[in-house]
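Q: A predicted structure for the sequence below; I have some questions about it.
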Amino acid sequence: MLSKISALVGVLAVSLVAGVALGPVSVPFDLTLELLWAALTGGTIPADLAGQYHIVWDIRLPRVLLAAVVGAGLSTVGVAIQAMVRNALADPYVLGISSGASVGATAVATLGILSGLGVYALSVGAFLTGLGATALVYITARTSRGLTPLRLVLTGTALAYGFSAVAMLLVFQAPRGEAARAAMFWLLGSLGGANWQSLPVAAVVTAAGIVYLATKARQLNALAMGDETATTLGVAVNRFRTHLFIVTAAMTGVLVAVSGAVGFVGLMLPHLTRMVVGADHRKVLALAPLAGASFLIWVDVAARMLAAPEELPLGVITAALGVPCFIFLMRRKSYVFGGR
Amino acid sequence: MRVELTGVTVRNIISDITLHASGEVVGIVGPNGSGKSTTLRCVYRALKPDAGTVLLDGENVHKRHDVARHLAALTQESQVEFDFTVAEVVEMGRLPHDRDPSRDSRVVSEALATVDVSHLASRSFLSLSGGERQRVLIARAIAQEPRVLVLDEPTNHLDIRHQLDVLALARGLGVTVLTVLHDLNLAASFCDRLYVLDEGRIVASGTPAEVLVPELIAKVFHVTAHVVRHPTTGVPQLLFDQEVTP
């Protein structure tokens, strides 16, 4: 297990540097390391490298770090939500966050509301309607017996259709095609807006969420066996599920605000991780964030390079990479989540 | 450890269930839908009764915070989708206890050995047969080191040898056992006392010999039974006529 963790830490380190070096304007690896080193230690660089320094430090590094944060966060949330609702098809968006956020994002893009917030308008709008949608799902799904898994999934799915309809209506009504395109691009996920200002909140919320969930790994194991079993093992099931709901909603809301609705990572990485280490959440929650971080760094590299100077939406690439990989692994006999 | 139910009522299902078990094997028998499982669910806290109390050594189980350290249960829940290994499932029994890695792993391997599934430790739980799963879940309950064991039809899915094994095992633990059983002859063989439920109420209680009499069997189960003595153990055993009574 330790060897798997250290291997993934190594992969992540290489991915971080490669992610900074690679792009429409590639910076050689050794120069990338040199410039990063200089920036971190306060060293000096020759004046003729100022342009490359700007690319490495101001443009690429925050973007690569944000990719790592978003990848780690979505993978972890996917793990937690699949256990919380005991459903193999659940992903971070199953509770309606992304479709709720799309209402805010499209409203900002097409109606120009919140325009006083400038470049943050889209993020803030998405965050607010995303959390509002989740709160609505929570209130609707809640019964006197607490949150039951199937009700949560059904409520989230049903309300998501409603939110999506509102977002589509906004896009359809938009007077300017460009605004609709911006909204659509945002919906498919992009890290193009990354900068040093957008990083800290996302990083702190994600890190705190991952730590919380990792400390609850054994409780998640018990919950995965069923509510009654978890109860007999001393887990206060209703309270625990409510906590999980709040933590995963906060994490997803922040991640969606900074990166849009990047699809597939939160569904696939949990399964990929389980295929390698089994279902024990102590192992899955140690590896899924590392794997997800590296995965999304490379997805974002592809998004920058494949159609340069244009950028592809992340969701297109996660699907193109993820679907074949996923089907290959799932067809191996040893993986049984969701039935043999 | 003593389990005591007083006037436990769940609307439309069970009413005024009063029973106790203390250091003995106590069986609950009754027809389908008579409220046996519901009664147990109140004991292992999956259900909060509308009225009445469930006490564990005099303290209400819904107010105590350490119930899982003393009471383990084998439920009817069976829709697991996650691919845990057998060892991981059994190790979950250690969750209520303070962590102590060396002791935990010793208890887990002893529990696996006790129900004779050590050879399955690294197998996938989902790949097991119904009988193997049941034994693994019993190993988990044992790993919990309970002083009260609540079993909801523990012999489900098991062949006759494993039915006998599991009940002998539960008896051999020397803890308070409260179990629902469908098979009246197994109940007579393994339980010190029985409670008979019918339509959500206790209609009889006592030793198997006191309870399992033809009149009660006819009234509650609507079948005609003959009581014989087991040739070696002497416990009452039932033989049934083929036609049901009205």
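A: Received the coordinates, thanks.

Q: Please, where are all the helices along chain B?
A: In chain B, the helices defined using DSSP state H lie at B:36-43, B:67-70, B:86-91, B:101-114, B:130-143, B:160-172, B:184-190, B:208-211, B:214-221.

Q: which intervals of chain B have sub-threshold pLDDT?
A: Chain B contains residues with pLDDT under 70 at B:78, B:244-246.

Q: What residues does it have near chain A?
A: Selection of chain B residues close to chain A by C-beta under 8 Å from any C-beta of the partner chain yields B:41, B:44-46, B:66-69, B:71-73, B:75, B:77, B:79-85, B:88-89, B:92-93, B:95-96, B:124, B:126-127, B:144, B:150. Quick note: C-beta positions are derived from backbone N, CA and C, even for glycine.

Q: what about the residue lying closest to B:Gln79 once chain neighbours are set aside, how many neighbours?
A: The shortest distance from B:Gln79 to any non-neighbouring residue, by C-beta to C-beta, 6 or more residues apart in numbering or on different chains, is to A:Gly226 (6.8 Å). Residues lying near A:Gly226 (other C-beta atoms under 10 Å in any protein chain shown) number 20.

Q: how would you label the closest residue to A:Leu117 other than its chain neighbours: helix, strand or coil?
A: Distances taken as C-beta to C-beta, 6+ apart put A:Val124 closest to A:Leu117, at 5.5 Å, once the chain neighbours are dropped. Secondary structure, DSSP: H, G, I helix; E, B strand; the rest coil: A:Val124 is helix.

Q: Now tabulate the helices of chain B in TSV and tack on mean neighbour count and distance to A:Leu117.
A: Converted to TSV, those look like this (neighbours: other C-beta atoms under 10 Å in any protein chain shown; distance: least, C-beta to C-beta, whole Å):
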stretch	mean neighbour count	distance to A:Leu117
helix B:36-43	24	52
helix B:67-70	21	49
helix B:86-91	25	48
helix B:101-114	16	51
helix B:130-143	23	53
helix B:160-172	16	65
helix B:184-190	21	71
helix B:208-211	18	75
helix B:214-221	16	72
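
Q: Touching, the residue nearest to A:Leu117 and A:Val254? I think so.
A: No. At 11.4 Å, A:Val124 does not count as touching A:Val254 under the criterion of C-beta atoms under 8 Å.

Q: Which of those two has more residues huddled nearby?
A: Relative neighbour count places A:Val254 above the other of A:Val124 and A:Val254, with 24 against 15, counting by other C-beta under 10 Å.

Q: so how far is chain B from that one?
A: According to C-beta to the nearest C-beta, to the nearest Å, A:Val254 stands 27 Å off from chain B.

Q: Could you report the neighbour count for B:Asp241?
A: 10.

Q: how close does it get to B:Thr224?
A: Relative to B:Thr224, B:Asp241 is positioned 4 Å away (C-beta to C-beta, to the nearest Å).

Q: Check A:Ala18 too.
A: As for A:Ala18, its distance to B:Thr224 is 80 Å (criterion: C-beta to C-beta).

Q: picking that back up, give me the buried subset of the residues of chain B next to chain A.
A: Buried residues within the residues of chain B next to chain A, counting neighbours by 16 or more other C-beta atoms under 10 Å in any protein chain shown: B:41, B:44-46, B:67-69, B:71-73, B:75, B:77, B:80-85, B:88-89, B:92-93, B:95-96, B:124, B:126, B:144, B:150.

Q: So which of the residues you listed are in strands?
A: Counting by DSSP state E, these place B:Leu71, B:Ala72, B:Ala73, B:Val150 in strands.

Q: Kindly indicate which of the residues you listed lies nearest chain A.
A: B:Ala73 (4.2 Å; C-beta to the nearest C-beta).

Q: can you list contacts of stretch A:139-156?
A: Residues outside stretch A:139-156 that contact it (C-beta atoms under 8 Å, 6 or more residues apart in numbering or on different chains) are A:84-87, A:90, A:94-96, A:137-138, A:159, A:227, A:237-238, A:241-242, A:245.

Q: Keep only those of those residues that are also close to chain B.
A: Applying C-beta under 8 Å from any C-beta to the contacts of stretch A:139-156, those adjacent to chain B are A:Arg86, A:Asn87, A:Asp227.

Q: out of the residues you listed, which is most surrounded?
A: Greatest neighbour count in those, by other C-beta under 10 Å, goes to A:Asp227: 22 neighbours.

Q: which residue sits closest to that residue, ignoring its sequence neighbours?
A: Computed as C-beta to C-beta, 6+ apart, the closest residue to A:Asp227 that is not its neighbour in sequence is A:Val237, at 4.9 Å.

Q: Next: B:Thr53.
A: Counting by C-beta to C-beta, 6+ apart, B:Thr53 lies nearest to B:Thr6, which is 5.2 Å off, once chain neighbours are set aside.

Q: quick one, what contacts the one you found?
A: So B:Thr6 contacts B:Thr18, B:Gly52, B:Thr53, B:Leu55 (C-beta under 8 Å, 6+ apart).

Q: okay, those in JSON lines with distance to A:Lys216 and neighbour count next?
A: Putting the contacts of B:Thr6 into JSON lines (distance: C-beta to C-beta, whole Å; neighbours: other C-beta atoms under 10 Å in any protein chain shown) gives the following:
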{"residue": "B:Thr18", "distance to A:Lys216": "38", "neighbour count": "13"}
{"residue": "B:Gly52", "distance to A:Lys216": "33", "neighbour count": "17"}
{"residue": "B:Thr53", "distance to A:Lys216": "31", "neighbour count": "16"}
{"residue": "B:Leu55", "distance to A:Lys216": "30", "neighbour count": "16"}
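
Q: Tell me the residue of chain B that sits nearest chain A?
A: Proximity to chain A, evaluated over chain B using C-beta to the nearest C-beta, is greatest for B:Ala68 at 2.9 Å.

Q: Next to chain B, which bits of the stretch 51-200 of chain A? Give me the list.
A: Applying C-beta under 8 Å from any C-beta, we find that the stretch 51-200 of chain A lies next to chain B at A:Ala83, A:Arg86, A:Asn87, A:Ala88.

Q: tell me the least confident of those?
A: The member of these with the lowest pLDDT is A:Ala88, at 81.

Q: That residue: neighbour count?
A: Neighbour count for A:Ala88, taken as other C-beta under 10 Å: 15.

Q: For the residue nearest the centre of chain B, which non-adjacent residue is spatially closest?
A: Geometric centre of chain B, nearest residue: B:Leu151, 1.8 Å, by C-alpha atoms, centre = their mean. In this structure, B:Leu151 finds its nearest non-sequential neighbour in B:Thr179, 3.9 Å apart by C-beta to C-beta, 6+ apart.

Q: shouldn't the one you found be in contact with B:Ala21?
A: No. Applying C-beta under 8 Å, one finds B:Thr179 not in contact with B:Ala21, separated by 9.5 Å.

Q: the helices in the stretch 201-340 of chain A, which residues?
A: Taking DSSP state H, counting those that start in this stretch to define them, one finds helices in the stretch 201-340 of chain A at A:217-224, A:227-232, A:237-259, A:265-277, A:281-305, A:314-331.

Q: Need these in JSON lines (columns: mean pLDDT).
A: Shown next, in JSON lines, are the helices of the stretch 201-340 of chain A (pLDDT from 0 to 100):
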{"stretch": "helix A:217-224", "mean pLDDT": "95"}
{"stretch": "helix A:227-232", "mean pLDDT": "94"}
{"stretch": "helix A:237-259", "mean pLDDT": "91"}
{"stretch": "helix A:265-277", "mean pLDDT": "90"}
{"stretch": "helix A:281-305", "mean pLDDT": "95"}
{"stretch": "helix A:314-331", "mean pLDDT": "82"}
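
Q: Can you say which of those is nearest to B:Arg2?
A: Across these, B:Arg2 has its closest neighbour in helix A:227-232 (18.5 Å, C-beta to C-beta).

Q: contacting residues around the residue nearest to B:Val54 when sequence neighbours are not counted?
A: Closest residue in space to B:Val54, ignoring its immediate chain neighbours: B:Val61 at 4.8 Å, by C-beta to C-beta, 6+ apart. By C-beta under 8 Å, 6+ apart, the residues touching B:Val61 are B:Val43, B:Arg45, B:Val54, B:Leu55, B:Val67, B:Leu71.
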